[in-house]
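Trainee: Here is a sequence with its predicted model. Questions after.
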Amino acid sequence: MSEGMINFLANPERFTRVTRPLRSWLAGLAALLLVWGLYLCFASPEDYQQGDTVRIMYVHVPAAWLGLAIYGAMGLSSFFGLIFRHALADAAAKALAPIGAVFTALALATGSLWGMPMWGTPWQWDGRMTSELVLLLFYIGYIALHASIEDEVRAAKSTAILAMVGLVNLPIVHFSVQWWNSLHQGGSIFVKGGPTVGAEMLWPLFVMVGAYHALTLWLFLIRLDSEILARKYRALRARLSFN
């Protein structure tokens with residue numbers, strides 16, 4: 001994307017005008033991929049060790065990936081908002097936070113459901129699970145801090161700093177299974193030598209990953225538009241009160 005296009009879309013009103021037509025397409029794509037992915041999940045064979053429990057993976061893995069990816073995008077948006085005072089950046093970070101929190105909570109919940117039959121316990125304080133919980137706490141802290149500060153400028157600065165501090169946790173989540181002994185299994189898809197998961201299980205997983213991405217973009221555009229409208233309303237109300 002050219003610098004001119006980036007500057008063009010940096011204006012909140014222009015951004016929403018350009019992206020608004022995409023929402024219905026994203027909603028339809030997300031619904032189609034979710035239905036297809038769920039069908040493939042139940043049609044795929046059982047795992048020889050995990051049995052039907054393996055089907056939790058198709059919900060758990062995309063949620064865990066998106067929880068990390070969304071926080072990365074939130075931290076990057078916070079950086080641009082804090083350093084460059086980007087007009088759209090703080091609104092984008094604020095719009096992303098609840099979406100990422102839901103996916104992270106879903107990853108933790110489905111991981112616990114998987115852990116009961118496979119490990120005999122829903123929770124262990126090992127590196128992966130603990131750092132994933134810390135990620136959820138960063139999301140919750142960001143949302144709570146934004147809600148607790150009425151002044152938008154101070155809220156944007158404080159939450160941006162918190163979001164950027166939380167970026168330190170992302171590599172810990174990702175590499176925790178390599179750095180410490182963990183009940184959580186290591187990587188099995190993007191590994192040297194190719195995936196260790198059979199094609200009959202990769203297809204449902206990749207379709208669900210696509211569905212989660214389409215759903216995330218749809219929710220993000222809706223929340224961002226709502227946040228922009230809310231800020232315009234607060235600014236208008238403040239001007240009327242001042243006058």
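Mentor: Cool, got the structure. Numbering: from 1, shown residues only.

Trainee: Tell me which stretches of the chain form helices.
Mentor: 3-10, 12-19, 22-43, 57-83, 89-119, 127-148, 152-166, 169-179, 199-242 (DSSP state H).

Trainee: From residue 60, how far off is the residue lying closest to residue 228 once chain neighbours are set aside?
Mentor: What sits nearest to residue 228 in space, not counting adjacent residues and going by C-beta to C-beta, 6 or more residues apart in numbering, is residue 12, at 4.5 Å. Placement of C-beta: from N, CA and C, glycine included. Residue 12 is 35 Å from residue 60, where distance means C-beta to C-beta, to the nearest Å.

Trainee: Would you agree the residue nearest to residue 228 is in contact with residue 226?
Mentor: No - applying C-beta atoms under 8 Å as the test, residue 12 and residue 226 come out as separate, 11.8 Å apart.

Trainee: More neighbours: which of these two?
Mentor: Just comparing residue 12 and residue 226: by other C-beta atoms under 10 Å the higher neighbour count belongs to residue 12, 19 against 13.

Trainee: and residue 219, what is it in contact with?
Mentor: residue 99 (C-beta atoms under 8 Å, 6 or more residues apart in numbering).

Trainee: Which pLDDT does the model give it?
Mentor: Note on residue 219: pLDDT of 97.

Trainee: Could you measure from residue 30 over to residue 227?
Mentor: With C-beta to C-beta as the criterion, residue 30 and residue 227 are 20 Å apart.

Trainee: Please name the spatially closest residue to residue 180 (chain neighbours excluded).
Mentor: Using C-beta to C-beta, 6+ apart, the closest residue to residue 180 is residue 127 (4.0 Å).

Trainee: Return, as residue ranges, the portions of the chain with sub-threshold pLDDT.
Mentor: 1-10, 48-49, 181-199, 242-243 (pLDDT under 70).
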